[in-house]
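# Below are the sequence and a predicted model; questions follow.
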Number of protein chains: 2
Amino acid sequence: MKTTVTLEDVARLAGVSPKTVSRVINGEAHVRPATREAVNRAVNELDYRPNLAARSLAASRSLLIGLLGMRLDANFFRAMYFSGVRACRARGYHLMAEEVPEITASSLAELEASLRQARCDGLILTQLSDQAPVLGMLERLQVPYVRLLPGTDPGRSDAVTNIQGEGVQLLAEHLWQLGHRRVLVSSLLGSGQRDMRAALLASGFRAADLTEVKQDWRGQTPAEMGRLLGEQLLTMNPRPTAVCAYNDEIAAALISHAWAHGLSIPADLTVVGYDDAEISRVMWPPITTVHQPFDQMMSEAVNLLLTPNSGDTPRTVICPLTLKVRESSAPPPAEA
Amino acid sequence: MKTTVTLEDVARLAGVSPKTVSRVINGEAHVRPATREAVNRAVNELDYRPNLAARSLAASRSLLIGLLGMRLDANFFRAMYFSGVRACRARGYHLMAEEVPEITASSLAELEASLRQARCDGLILTQLSDQAPVLGMLERLQVPYVRLLPGTDPGRSDAVTNIQGEGVQLLAEHLWQLGHRRVLVSSLLGSGQRDMRAALLASGFRAADLTEVKQDWRGQTPAEMGRLLGEQLLTMNPRPTAVCAYNDEIAAALISHAWAHGLSIPADLTVVGYDDAEISRVMWPPITTVHQPFDQMMSEAVNLLLTPNSGDTPRTVICPLTLKVRESSAPPPAEA
DNA sequence: ACGCCGTTTGACAGCGCTGTCAAACGGCGT
DNA sequence: ACGCCGTTTGACAGCGCTGTCAAACGGCGT
């Protein structure tokens, strides 16, 4: 990068002081329209770009937002990250992904060091929204933060969330309307966010017709969990006509396993997932799933971070989930 | 963030000048061991973190590296990005993802604006390594760049690459050794990088036994491409015993399709992919594929960027590919 | 004991912006 | 014509570092 046009160059060309140019660049009030226009002309003529480093040093803002998660390589997280990048760019901010692999003292210390170094203007929490030690640390450091999909302590901070249980309810109603009555439900230990079983019950299913398989996230890949689910399914009699997988990866693995054992999807078995991950569109059949509006959620989160809260209670923005009906769900086989 | 410890605080505590602290922080030479140690003690005691903005302003380096690609949401790109983040963090740099969706004048102008704003110290190109207009612009802006997997013009810049044809050769040999002789090959129009067919021929296959299906990336999802490949396969007689999919997504879609049509994988049909994407481990069966060492490649790329070239010819680092043999490949059925 | 020269250290300015505060402007009422 | 007061503008310092350059140091040979 050779040519460096500075504020001062613009000011000279426009015949005003650097401070005035700064005002125009930052869209501050108290600039006469004529002045503003003259500055803008000069900016365009010189093709001026403000120096981010100088800006953040002078304003003691970093123009940086951090996105905190437990597993950077989770599909879920990556999708959020790239949605967030777009949301930030639209507001002149940058987004930094930060990994907190576990809630231990050393891991927290590392996070603290990193935060103090980067001096993020705000943080967006995902997967960590319910970790009190993390929240406590952020409050101590006085970093503003927004939680995504918090499960507990709703009034503790600004948050972006869905209507509690909306996603699972959409799935439950879909299955009910298709005519399914016996369902296998996959759930994850320690993750209380999605109570599929409750949603099914609320939609009319009888407890006796629901089988819930709780699996543990740690130490098992989605592929393994899907396979185990498939094995369980094959031993059951009468066999459920539908499976609610905890997420799309598990659904995909289950579908492969089912094919491999002679079950045809969706003719013999309906499988639904959650997240609308890429894999749900790659599989045959494509997977019926619940779509989270990541772009919208991240955009709202950035908004909350950059808009000071004028009231004194934390704000909550609710983003609607949508059901993506694809070919992995159909009415149950004739006389199951 | 309240507490702000500055260089000066450290200097005062250590009893030296700020400049000396700066030298220690940056690992410069010409500091007496005793002094260095005293400074380090002070740094630890105050838990000092340098202010990135001040640093880049003063040094006129941004401590930022850009990763340029055409599709931020491609699996390939995301994997590279997160490998790159780690490689950069290890060197005190940050990585910024930048999207260049198409090679048009307006898209290039936007990129140029963004680059001049962020003032990246260097760029890593992926998917764009062979786009002369992009390279020309970067050279005009004098931004150092490293190309990943360049296909053309190898001497134009530093590059990180594989041995030409290594990946497809690994796959070809694997199939040959398993005993396959008739193979269906999926290739992508306009993407000359992987000549699977040539590799198969070089490994002993006869041209007459190879069928190549060229598909077009634009307008088709991997799922559709895989499905079309599957349809093609079912019409063939004699049927190939193995399919080389262009990538793992296509392989996954093909596998689902094959199951849906009564083919058992790998008993009836071997399917291999490319990239070692997550999906290759989620599917049943897991997909035999070629693994790109993204962590290593990004680490080398960052290295090239941050290590000045002492010679006068561009450098090339070659990273070895490895074959991941999984359950989607097996010997062909008995008398196919 | 002295001078020489490589090594170590520090003084100072400046990177390009923004915050603060005061000065200049300008429209209004009288 | 004058004073008042809200609006617009600019002077100046400073954000926290690093680059430059010169001064201080210190070990060596004589």
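Arrived safely, thanks for sending. Note that this is a predicted model, so its numbers are computed, not measured.
# And DNA strand D, is the worst-scoring helix or strand of chain A on mean pLDDT touching that?
Ranked by mean pLDDT, DSSP states H and E, the weakest helix or strand in chain A is helix A:105-118, scoring a mean of 81. No. Contact of helix A:105-118 with DNA strand D (CB under 7 Å from any atom of the strand) is absent, the minimum separation being 9.6 Å. C-beta coordinates here come from the backbone N, C-alpha and C atoms, glycine included.
# is that helix anywhere near chain B?
Yes. Helix A:105-118 reaches chain B (CB under 8 Å from any CB of the partner chain) through A:113, A:115-118.
# Buried ones in that helix, by neighbour count?
Residues of helix A:105-118 classed as buried by neighbour count (16 or more other CB atoms under 10 Å in any protein chain shown): A:107-108, A:111-112, A:114-116, A:118.
# For the residue positioned nearest the centre of chain A, list the residues it contacts.
Central residue of chain A (CA atoms, centre = their mean): A:M80, 4.3 Å from the mean position. The neighbours of A:M80, taking CB atoms under 8 Å, 6 or more residues apart in numbering or on different chains as the test, are A:67, A:69, A:126, A:148, A:294, A:297-298.
# Now with 10 Å, please.
A:67, A:69, A:74, A:95, A:97, A:124, A:126-127, A:148, A:292, A:294-295, A:297-298, A:301 (CB atoms under 10 Å, 6 or more residues apart in numbering or on different chains).
# So it belongs to a helix, correct?
Yes. Judged by DSSP: H, G, I helix; E, B strand; the rest coil, A:M80 forms part of a helix.
# Quick one: name the residues of chain A near DNA strand D.
Contacts of chain A with DNA strand D, taken as CB under 7 Å from any atom of the strand, map to A:16-20, A:23, A:29-32, A:34-35, A:54, A:57-58, A:60.
# Any stretches of the stretch 201-336 of chain A with poor pLDDT?
Within the stretch 201-336 of chain A, the segments meeting pLDDT under 70 span A:335-336.
# OK, now which residue of it is nearest to DNA strand D?
Distances between the stretch 201-336 of chain A and DNA strand D by CB to the nearest atom of the strand are smallest at A:S310, namely 20.7 Å.
# How is chain A partitioned into domains?
Residue ranges for the structural domains of chain A, counted by automatic domain parsing, are given in the record as A:7-50, A:64-161, A:166-292.
# can you list the ones you listed in JSON lines and add distance to B:P332?
Below are those laid out as JSON lines (distance: least, CB to CB, whole Å):
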{"stretch": "domain A:7-50", "distance to B:P332": "60"}
{"stretch": "domain A:64-161", "distance to B:P332": "34"}
{"stretch": "domain A:166-292", "distance to B:P332": "18"}
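# filter the residues of chain A next to DNA strand D to the buried ones?
Here, 16+ other CB under 10 Å leaves A:16, A:20, A:23, A:31, A:35, A:57 buried among the residues of chain A next to DNA strand D.
# could you point out which element follows the stretch of helix or strand A:L229 belongs to?
Per DSSP states H and E: A:L229 is located in helix A:222-235. Following helix A:222-235 in sequence order, the next helix or strand is strand A:242-244 (DSSP H and E).
# where exactly do the helices run in the stretch 51-200 of chain A?
Secondary structure of the stretch 51-200 of chain A, counting by DSSP state H, counting those that start in this stretch: helices at A:52-59, A:75-89, A:105-118, A:132-141, A:166-178, A:196-202.
# Lowest mean pLDDT across those, which one is that?
Of all the helices of the stretch 51-200 of chain A, helix A:105-118 carries the lowest average pLDDT, namely a mean of 81.
# And it, how far out from the chain middle?
22 Å (CA atoms, centre = their mean, to the nearest Å).
# same deal with stretch A:85-97?
Remark: stretch A:85-97 is offset 15 Å from the chain centroid, using CA atoms, centre = their mean.
# How about stretch A:205-220?
24 Å.
# Which residue comes closest to A:A267 once chain neighbours are left out?
Among residues not flanking A:A267 along the chain, A:P333 sits closest, at 6.5 Å (CB to CB, 6 or more residues apart in numbering or on different chains).
# Check which helix or strand that neighbour maps to.
Counting by DSSP H and E, A:P333 is part of no helix or strand.
# Does it touch A:P238 like I think?
No. At 11.3 Å, A:P333 does not count as touching A:P238 under the criterion of CB atoms under 10 Å.
# Mind checking which of those two has more residues around it?
A:P333 (14 against 8; other CB atoms under 10 Å in any protein chain shown).
# From the buried ones among the residues of chain A next to DNA strand D, which land in helices?
Of the positions in those, A:20, A:23, A:35, A:57 sit in helices, assigned by DSSP state H.
# ok, and of those residues, which contact DNA strand C?
Contacts with DNA strand C are made by A:L57 out of those, judged by CB under 7 Å from any atom of the strand.
# ok, so of the residues of chain A next to DNA strand D, who is nearest A:I318?
Proximity of those to A:I318 (CB to CB) peaks at A:A29, which lies at 32.4 Å.
# Report the beta-bridge partner residues of the residue of the stretch 151-300 of chain A found nearest DNA strand C.
Using CB to the nearest atom of the strand, the closest approach of the stretch 151-300 of chain A to DNA strand C is made by A:D158 at 22.1 Å. Beta-bridge pairing for A:D158 (DSSP bridges): A:V146.
# wouldn't it be in contact with A:T307 here?
Yes. Here A:D158 reaches A:T307: they are 9.4 Å apart, a contact under CB under 10 Å.
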